[in-house]
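**Student:** structure for this input, please:
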Amino acid sequence: MQDLKVTLLQSDLYWHQSEANMAMFEEQIWSLDQATDLIVLPEMFTTGFTMDASEMAEPMGARTFKWLQQQAEQTRAAITGSYIVKEDGKYYNRLLWMTPDGKHLTYDKRHLFRLASEQLTYQEGSERLIVSYKGWKICPQICYDLRFPVWSRNTTKDNTLEYDLLIFVANWPAPRISAWDVLLKARAIENSCYTIGVNRIGEDPNGVSYNGHSAVLDPKGQVIYYKEGSAAVQTVTLKRLELDQYRDKFPVHLDADDFNIQL
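**Tutor:** Numbering: from 1, shown residues only. Now for the predicted structure:
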């Protein structure tokens, strides 16, 4: 099993300016001075966290899809982040997972943020996504999903955990950032996995401020990387051997309660 290099992009976002955001992130991606395996963008990385879905949504396969495809192909890395998609007359806060060979997978945000009336605009997702990539199993989720541990529960099959890395892409506001910090650690510990959170910075036109706190945590909940307040492009190497050794020495998952989620 090989190590996995993951690049986090923490940035301010141009409000409702897809072209400007893609140009900014493209510049950041091409500033990388080393190869990476996976690039992680924030939630709604082309627009900011907006309820103006009718104005900002794209059909699948359009501009943002093609841009992600191009970035993955050119960097030879997978790339992921969420944006607004219109499909069958409904709007989705959809995470797209794109690989260098042009193949893609999707995850629609399950828990819609009621305080912003997200549930009145977007269709909730009903299926988790677990990606197999370079010998790693990866579970990507979106922002508010972080508050719901049952949805991200790393269940056991044949005494083997379902995934190795849990990712949250987010627009998580500064007033509640302490919850973000604590919950990222909790998800890492309870799921015996590496956990990554990528949040934005800046302030949107609704007066909502964001201060980053993008982070990488190991299965013990220890911080490998953390960035507050300013833009950052950071690549972190996740050690496969260390993960496997930790799970062998402390197999807490073997004593976990068995249950099924009913939607």
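
**Student:** every contact and neighbour count from this point should use C-alpha atoms.
**Tutor:** Noted.

**Student:** element containing Asn211?
**Tutor:** When secondary structure is defined by DSSP states H and E, Asn211 falls within strand 209-217.

**Student:** same question, Gln2
**Tutor:** Using DSSP H and E, Gln2 falls outside every helix and strand.

**Student:** dihedrals phi and psi, it?
**Tutor:** Taking degrees, to the nearest 10, you get phi -100, psi 160 for the backbone angles of Gln2.

**Student:** hang on, the earlier thing: other residues contacting the strand holding Asn211?
**Tutor:** Taking Cα atoms under 8 Å, 6 or more residues apart in numbering as the criterion, the residues outside strand 209-217 that touch it are 8, 10-11, 171-175, 177, 181, 184-185, 188, 194-203, 223-230, 236.

**Student:** and it, how far out from the chain middle?
**Tutor:** Counting by Cα atoms, centre = their mean, to the nearest Å, strand 209-217 is centred 12 Å from the centre of its parent chain.

**Student:** neighbouring strands for that strand, and are they parallel or not?
**Tutor:** Strand 209-217 has its sheet partners listed here by DSSP bridges as strand 194-198 (antiparallel), strand 201-203 (antiparallel), strand 223-228 (antiparallel).

**Student:** just the buried residues of the contacts of strand 209-217.
**Tutor:** If you count burial by 16 or more other Cα atoms under 10 Å, the buried members of the contacts of strand 209-217 come out as 8, 10-11, 171-174, 184-185, 188, 194-203, 225-229.

**Student:** wait, Asp164 sits on Lys137?
**Tutor:** Yes - taking contacts as Cα atoms under 8 Å, Asp164 lies within contact range of Lys137: 5.3 Å.

**Student:** the two: who's more crowded?
**Tutor:** Neighbour comparison, Asp164 and Lys137: the larger count goes to Asp164, with 23 against 15 (by other Cα atoms under 10 Å).

**Student:** quick check: phi and psi at the more buried one.
**Tutor:** Geometry field for Asp164 lists phi and psi as phi -110, psi -20, criterion degrees, to the nearest 10.

**Student:** list the residues that contact it.
**Tutor:** Under the criterion of Cα under 8 Å, 6+ apart, the contact list for Asp164 reads 136-139, 192-194.

**Student:** which of the residues you listed sits closest to Trp15?
**Tutor:** Comparing the contacts of Asp164 against Trp15 with Cα to Cα places Cys139 closest, at 27.9 Å.

**Student:** helix or strand: which one has that closest one?
**Tutor:** Here Cys139 sits within strand 136-142, counting by DSSP H and E.

**Student:** what lines up beside that strand in the sheet?
**Tutor:** According to DSSP bridges, strand 136-142 forms sheet pairs with strand 131-133 (antiparallel), strand 165-169 (parallel).

**Student:** now the element after that strand, going C-ward?
**Tutor:** Downstream of strand 136-142, the first helix or strand assigned by DSSP H and E is strand 156-157.

**Student:** chain center to that following strand: distance?
**Tutor:** Shown here is strand 156-157, whose average C-alpha point lies 23 Å from the average C-alpha point of the whole chain (Cα atoms, centre = their mean).

**Student:** strands paired with that strand, and their directions?
**Tutor:** Strand pairing for strand 156-157, using DSSP bridges, gives strand 160-161 (antiparallel).

**Student:** which one is Asn93 nearest to, not counting chain neighbours?
**Tutor:** Closest residue in space to Asn93, ignoring its immediate chain neighbours: Ile84 at 5.0 Å, by Cα to Cα, 6 or more residues apart in numbering.
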